[in-house]
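>>> Show me how the following folds:
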Amino acid sequence: MTEHGSLYGLTNTNRQGAALWGKNQFNSTFPAALACYMRDHNLNAIYINLKNGLNTQCTEISIDDVFNTKLPNDQLFFDFESRYEPYDCLTDHQIERVDLVIRKTKEETKKTGEKAVLPGGALRALEVKLTVIPDNMTCQNAPNAWYPEMVIRPATIKYCAMSIASRLTKDEAKEIFDKVGKDVKQWDNLAEASALLPQAIEALNSLQEKFYDRQQPLILQPIWRTQGKKPLLDDNAFDIFVWSDYALARVVIDLVMKSPNDISRFGRSALRLTRYLYEYGRAGVAHIDNIFASMTYMHQSDKEFSINGAITKRYMNHPRMGAPILGKEIVRNIILHGGEEQLSPERRLDQTIYFAYKTEK
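The predicted structure follows:
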């Protein structure tokens, strides 16, 4: 038994020992291990992607395609909270960290002769969103109509913008977005932004109609299903959904179109995407942090937006939402060597009382 336990598939990683289990660490290390387990058992994830006609669809995607490699897990390096260097050329400053970078491995021989495995070339940048089913919005529905809430942070939209730009030429972006941005005097002016928003949505729709076949995985969203609102795992407990960059942008566009002149959080995201792609089209590079810092429109900047189960239902409507592909027993195959002893869940009075009553009964 290792001192701190281990997680399936994470042979090479920048998180070792106790660093696998922290409150804000386990939320990304466990999903990566779950993906490795599904990969080795030839289980596909569900891919939320854009199809022709500006609508999303749920199809299957292999974890090989999510990781962007056929190399086995033990030849990969799982680099958490890391920068994705292939996007360095898309911004004129150091880019923000993403939740998980899938990398190749490389070996280095130390002076002692010992071999060390180090992170190599980057293969895929992934934001990780571990979500529970049901959320508060859908928990009163029938069990086959439970859906999760998902919180999107600014870094996710930044990586969405760069992911889209990475598969566009400068001229392709300019053709669509130059007519939107060239006469803008102040992107951060609320009145001007409100008037601009319908044009921004039109340009984003044009982008998606023309280039939807260039989308790629962006968000790894494992789901864990409980028995309603009880803190107990359902028999069918775990699965993975994956969002493409275009599918995430589609959520933003769809919600803005309900109020096309309202600078809501979704309107802000649409304008941020538009401005980044406009500047990329003009110069091939853009200062994405400046764009996000200046275009707040009086909304707090620590969260980009959130979507509850009533909204995610439209995009994640798949039979495996009601019956995830993996049972609760697989936890023992993913958390290894006593790793569960390293977990230190937050103590909550309601949870403690709940389990106290259950134990007494």
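>>> Please give the element, helix or strand, for D65.
helix 63-67 (DSSP states H and E).
>>> so what secondary structure elements neighbour that helix?
helix 26-40, strand 115-128, strand 217-226 (3 or more Cβ pairs under 8 Å, 6 or more residues apart in numbering; DSSP states H and E). Bear in mind the C-beta positions are built from the backbone N, C-alpha and C, glycine included.
>>> which is the next helix or strand following the last one?
Same thing as strand 217-226. strand 233-244.
>>> and whatever helix or strand comes next after that following strand, which residues are buried?
Scanning forward in sequence from strand 233-244 by DSSP H and E, the next helix or strand is helix 245-257. By 16 or more other Cβ atoms under 10 Å, the buried positions in helix 245-257 come out as D245, Y246, A247, L248, A249, R250, V251, V252, I253, D254, L255, V256.
>>> Any chance of CSV for the residues you listed, columns pLDDT and distance to E108?
Shown next, in CSV, are the buried residues of helix 245-257 (pLDDT from 0 to 100; distance: Cβ to Cβ, whole Å):
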residue, pLDDT, distance to E108
D245, 98, 33
Y246, 98, 38
A247, 98, 39
L248, 98, 37
A249, 98, 39
R250, 98, 43
V251, 98, 42
V252, 98, 43
I253, 97, 46
D254, 97, 48
L255, 97, 48
V256, 96, 49
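>>> Of the residues you listed, just say which sits nearest to I152.
L248 (7.5 Å; Cβ to Cβ).
>>> Touching, the closest one and Q216? I think so.
No - using Cβ atoms under 8 Å, L248 makes no contact with Q216, being 11.3 Å away.
>>> Just want the angle from the longest helix anywhere in the chain to helix 245-257.
In terms of residue count, the longest helix belonging to the chain (DSSP state H) is helix 190-211. An angle of 140 degrees separates the directions of helix 190-211 and helix 245-257 when computed by axes from the mean of the first three to the mean of the last three Cα atoms, to 10 degrees.
>>> Now do helix 190-211: which elements does it pack against?
helix 170-181, helix 245-257, helix 265-283.
>>> List the buried residues for the shortest one?
Neighbour counts over helix 170-181 (16+ other Cβ under 10 Å) mark E172, A173, K174, I176, F177, V180, G181 as buried.
>>> average pLDDT across that helix?
The average pLDDT within helix 170-181 is 97.
>>> what does that helix contact?
Here helix 170-181 makes contact (Cβ atoms under 8 Å, 6 or more residues apart in numbering) with 165, 196, 199-200, 202-203, 206-207, 210-211, 274-275, 277-284.
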